[in-house]
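> fold the stuff below for me.
(2 chains, ligands or ions: 2)
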Amino acid sequence: MLRVDSLALAYGATPVLEGASLEVPSGRFVSLVGPSGSGKSSLLRAIIGLQKPLSGAIETDIAAGEIGMLFQDDALLPWRTAEQNVALGLRLKGVATGTAIASARQWITRLGLYGLSERFPRELSGGQRKRVALAQVLAREPQLILMDEPFASLDAIVRARVTQDLVRLVELRGISVLLVTHDLEEALALSDVVYLLSQGPRARISGRYDVPLPRPRDVMKARIHADFAPLLQRLWNDLSREVGERAA
Amino acid sequence: MSPKAAWLRQAVAFIALIGVWEACADAGYLNPLYMPAPSNVAAALFQLFAQGTIWPHLIATFSAALGGLAVGLVIGTALGATAALTPLVGELLAPVMIALNAVPRVVLAPLFVIWFGIGIGSKVALSFILVAVLIFFTVFTGIREVDRRLVERVVTLGGGRGALLREVYGPSVVAWILGNLKVAVGFAFTGAVVGEFVAATKGLGYLLSFAQSSYNAALMLALVLLIMAFVLALFGLTGWLERRLLRWRG
Ligand SMILES: Nc1ncnc2c1ncn2[C@@H]1O[C@H](COP(=O)(O)OP(=O)(O)O)[C@@H](O)[C@H]1O
Ligand SMILES: [Mg+2]
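Ligands and ions are numbered 1, 2, ... in the order given. Next up is the predicted model:
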């Protein structure tokens, strides 16, 4: 369980979030959508302690080492191979080097990067680097995963496969996910709950949408479920209003 | 023009230049006192090795330069890393280093002769001070400008100070030092030779100063060539080291 309560956050004198509240129950897939620049990344950074909030509370019963974070950019250690980068995540959790490397290789294969283990980040494409970063997080088998627009650089097929894997992980292992995405369809297809962050500055949660689609879920078929289109329409209208208000 | 043949064109141009130079000297256009013929320079160089007189001097200069380089690398790295990672040390050390960086450090040579004597000590000291200040700033600014995102990643994965040093700061510092190693090698030899030039009983710098006092331009040019050749060879070695250790950079 993760609960963010009336969070306020600023960079110097520039306010970003004010009174943002949301909840990620254990075993649930939760998404956060909102206009770009509204403070979605900042919210995730605050949750893992990289950004100090001005006020509000972040409560969780999950140990720090059990929270995984996939950052928006795919910065890997440039002097370590794909495999070593993934293994590092395990080694820092106390796993012995040999076991860590073996497990890293499995995850790399599982994410469709077979044969790229020995490459340095420079020798990988953006999408491949992203998957290495994803493998680094998943290999640690965290209880809560925070993800900041992780799938944008993946091609359609890989994206469908990786998201389906992730949904399965939530359904079978009971882990929780908080996903930041700008893809409304993806948010609805994967999630149990979608939160809408209002346009900044002083962004807050302006909408909460429960997704009544059944589980276990097929992320492609979910999109043709009868409840999907009306929900998408509502979310779309609300987001458009958020973006429109400030633009007007 | 094919870029592959560049070395060929360069070699031809060089040989042509030497040829013209030799021809001018033979024709008497050049005063041998100022501008000896290439053949005279070559003869001087040959004699140095044939008579074996050069060896103790070469050994003296190399020992001083490599000693200063090694100590300078170690101390410069240690001070730079401590200053960057401990704010108080940084605060105290930075002004000293900035002051040392502001003077052309070879002016310290006479002082070092007084402090450390006419032997190898004063040469090592000069090499050391040239290298250490360079490496200090390399490591100091390097650590301060390390990619913050990488630090955040390792911290988020649960890494502490040790992991940060090993996984982020260490490899970054190695990369920066290797990037500046050629300059450091050059500095080390500058320190050794200038030190010998000021006051010494042996070394390439001492020979240079001897050649100067005896107006032996051929010997002087031969020595310059010799120093150039050795420093270039060391550059080749550092280039090889760079390619090996920085494979990830491509
Ligand atoms: N390190 C920073 N320093 C100053 N302002 C920042 C920094 N990071 C983000 N911001 C600002 O904070 C706001 C929210 O940014 P961010 O959380 O990245 O938004 P999002 O992820 O929703 O696009 C933006 O206006 C952005 O310009
Ligand atoms: Mg963002």
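> quick one, grab the pLDDT at residue 73.
Here I'm looking at chain A. On the pLDDT scale, A:D73 is placed at 89.
> can you look at chain B instead?
Listed pLDDT for B:L73 reads 97.
> where's it relative to ligand 2, distance?
Separation of B:L73 from ligand 2 (Cβ to the ion, to the nearest Å): 42 Å. Where C-beta positions appear, they are placed from N, C-alpha and C, glycine not excepted.
> B:I177 is in contact with that residue, correct?
Yes. With contact defined as Cβ atoms under 8 Å, B:L73 counts as touching B:I177 (7.1 Å).
> what touches both of the two?
Here B:L73 and B:I177 have B:I135, B:A184 as joint contacts, going by Cβ atoms under 8 Å, 6 or more residues apart in numbering or on different chains.
> quick check, B:R149 in contact with A:Q72.
No. Counting by Cβ under 8 Å, B:R149 stays clear of A:Q72, with 10.1 Å between them.
> chain A: strands as residue ranges?
Using DSSP state E, the strands of chain A run over residues A:2-11, A:14-24, A:29-33, A:55-60, A:67-70, A:144-148, A:176-180, A:193-197, A:205-210.
> looking at the ones you listed, spot the one closest to chain B.
strand A:67-70 (5.2 Å; Cβ to the nearest Cβ).
> extract the C-alpha set from that closest one and format it as CSV.
Once non-C-alpha atoms are left out, strand A:67-70 reads as follows in CSV (Å, rounded to 0.1, in the frame of the first residue of the first chain):
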residue,chain,number,x,y,z
ILE,A,67,10.2,-0.2,-4.3
GLY,A,68,11.5,-0.2,-7.8
MET,A,69,11.7,3.0,-10.0
LEU,A,70,11.9,3.2,-13.7
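> what's near enough to touch B:R144?
Taking Cβ under 8 Å, 6+ apart as the definition, contacts of B:R144 comprise B:A84.
> residue contacts, the nearest residue to A:L197 once chain neighbours are set aside?
Take A:L197 and drop its neighbours on the chain: the residue closest to it by Cβ to Cβ, 6 or more residues apart in numbering or on different chains is A:G34, 3.1 Å away. When the contact criterion is Cβ under 8 Å, 6+ apart, the partners of A:G34 are A:K40, A:L196, A:L197, A:S198, A:Q199, A:A203, A:L239, A:E242.
> and which of these is nearest to chain B?
A:K40 (16.9 Å).
> what ranges do the strands span in chain B?
Under DSSP E, chain B gives no strands.
> relative to A:D5, how far out is the residue sitting nearest the centre point of chain B?
The residue lying closest to the centre of chain B (Cα atoms, centre = their mean) is B:G186, at 1.8 Å. Noted for B:G186: a distance of 61 Å to A:D5, by Cβ to Cβ, to the nearest Å.
> again, but for A:D74
According to Cβ to Cβ, A:D74 stands 31 Å off from A:D5.
> just want to know which of those two has more residues nearby.
Neighbours around A:D74 and A:D5, counted as other Cβ atoms under 10 Å in any protein chain shown, are more numerous at A:D74. The numbers are 20 against 14.
> which ones are touching that one?
Residues near A:D74 by Cβ under 8 Å, 6+ apart: A:G126, A:R129, A:K130, A:V132, A:A133, A:S153.
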